[in-house]
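Novice: This is a predicted model, with the sequence first.
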Amino acid sequence: MPFLPGRRGRTDNRPIPAHAYRDTALVYAGMGVLLVIVATLTGGQTLRAIAAAAIFWALATAWTCWGWSKRIRARDEAEAAEAAEAAKKGLKPGTGKRANGNGRGNGNGQGRPQ
């Protein structure tokens, strides 16, 4: 098996889901339920499995949501920096076009009145 470096120092370019926190909580709750079902079917103690699943859910959800909050904060800071840089240049953020249209006053960028 080849050496697989850790994630430290790497950027994650995957898009952030619309409901990252909710989805995280639901996925880990499903895993907790699965843990309780497997423990019960294999003859384990149900109450101990429920306690383990609750601890698993709380820790895993907190850890993942902490990661989401870091990524969301970094994205928001990058967008604010981009908007500030665009404003300095007189451009619309994310478009590369002048904020005041084509300079002829109509703002539609085509040089014709609407």
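Specialist: Nice, I can see it. Predicted model, so just to flag it, every value in this text is computed and none were measured.
Novice: Let's test this: name the helix or strand in this structure with the lowest mean pLDDT.
Specialist: Lowest mean confidence among the helices and strands of the chain (mean pLDDT, DSSP states H and E): helix 46-89, at a mean of 91.
Novice: Show me what that helix is packed up against.
Specialist: Packing partners of helix 46-89 (3 or more C-beta pairs under 8 Å, 6 or more residues apart in numbering; DSSP states H and E): helix 20-41. To be clear about C-beta, it is placed using only N, CA and C from the backbone, and glycine gets the same treatment.
Novice: Just the buried positions in the helix it packs on, please.
Specialist: For helix 20-41, the neighbour count (16 or more other C-beta atoms under 10 Å) marks 20, 24-25, 28-29, 32, 35-36, 39 as buried.
Novice: Now tell me what touches that helix from outside.
Specialist: With C-beta atoms under 8 Å, 6 or more residues apart in numbering as the test, helix 20-41 has contacts from 17, 45-46, 48-50, 52-54, 56-57, 60-61, 64-65, 68, 72.
Novice: Weed out the non-buried ones from those residues.
Specialist: For the contacts of helix 20-41, buried by 16+ other C-beta under 10 Å: 49-50, 52-53, 57, 60-61, 64.
Novice: Make TSV from those and add distance to Glu79 to it.
Specialist: Shown next, in TSV, are those (distance: C-beta to C-beta, whole Å):
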residue	distance to Glu79
Ala49	44
Ile50	42
Ala52	40
Ala53	38
Trp57	32
Ala60	29
Thr61	26
Thr64	23
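Novice: Of those, just say which sits nearest to Asn13.
Specialist: Thr64 (17.9 Å; C-beta to C-beta).
Novice: The closest one and Pro15: what is the separation?
Specialist: 16 Å (C-beta to C-beta, to the nearest Å).
Novice: Next: Ala60.
Specialist: In this view, Ala60 and Pro15 are 22 Å apart by C-beta to C-beta.
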